[in-house]
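1. based on what follows, work out the 3D shape:
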Amino acid sequence: MAAPRGAASCEDFAEFQELLRVMRTIDDRIVHELNTTIPTASFVGKVDPAQTCKELYQSLMDAHINRERIIKNCISQTSAVVKTLKEEREKAQDNAALLKQLRKEQTKLKLMQSELNVEEVVNDRSWKVLS
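-> Residues are numbered from 1 along each chain as shown. As a prediction, the model looks like this:
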């Protein structure tokens with residue numbers, strides 16, 4: 001179960017969330033993956049359970065690392081946008097459109113930061129099932 005490896009679009013929060021949802025499929029299906037990875041008695045000789053478990057473990061690790069990297073990258077990009085907008089806001093105190101854009105970006109930043117907490121919960125749940 002491969003996760004998408006494309007660059008995340010941090011501008012559109014809905015697109016960002018959809019990418020994370022797709023990338024979390026391996027975590028959402030961890031029980032199913034374990035059930036299909038560990039062979040039944042009739043398939044023990046045909047499948048190496050140690051190797052397939054190792055591959056599942058590596059896939060899960062890769063997925064967690066990639067998602068965390070994408071989330072932190074988007075947080076960094078959005079933080080930079082917020083910083084720039086704050087600097088512009090200092091220069092133009094009465095610009096309502098600029099204030100609206102700043103609030104929008106600040107909200108998006110908070111939502112992205114909350115995704116780190118969601119990620120921690122998802123990862124913990126997967127590791128508990130796997131261990």
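2. so who does Ile38 touch?
-> Ile38 sits next to 49, 52-53 when contact means C-beta atoms under 8 Å, 6 or more residues apart in numbering. For glycine as for every other residue, the C-beta is placed from the backbone atoms N, C-alpha and C.
3. and Leu98, by the same measure?
-> 85, 88-89, 92.
4. of those residues, which is the nearest to Leu130?
-> Lowest distance from Leu130 to the contacts of Leu98 (C-beta to C-beta) belongs to Leu85, with 42.1 Å.
5. check which helix or strand the residue nearest to that closest one when sequence neighbours are not counted maps to.
-> Leaving aside its chain neighbours, Leu85 sits nearest to Leu102 (4.3 Å; criterion: C-beta to C-beta, 6 or more residues apart in numbering). If you go by DSSP states H and E, Leu102 is part of helix 96-130.
6. report the buried residues of the helix or strand of the chain with the lowest mean pLDDT.
-> Ranking every helix and strand in the chain by mean pLDDT, DSSP states H and E puts helix 30-37 at the bottom, with a mean of 80. Residues of helix 30-37 classed as buried by neighbour count (16 or more other C-beta atoms under 10 Å): 30, 33, 37.
7. nearest to Val129, of those?
-> Scanning these for proximity to Val129, where the rule is C-beta to C-beta, the winner is Ile30, at 4.9 Å.
8. distance of that closest one from Asn73?
-> Distance, Ile30 to Asn73, using C-beta to C-beta, to the nearest Å: 25 Å.
9. and if you look at Glu11?
-> Glu11 is 13 Å from Asn73, by C-beta to C-beta.
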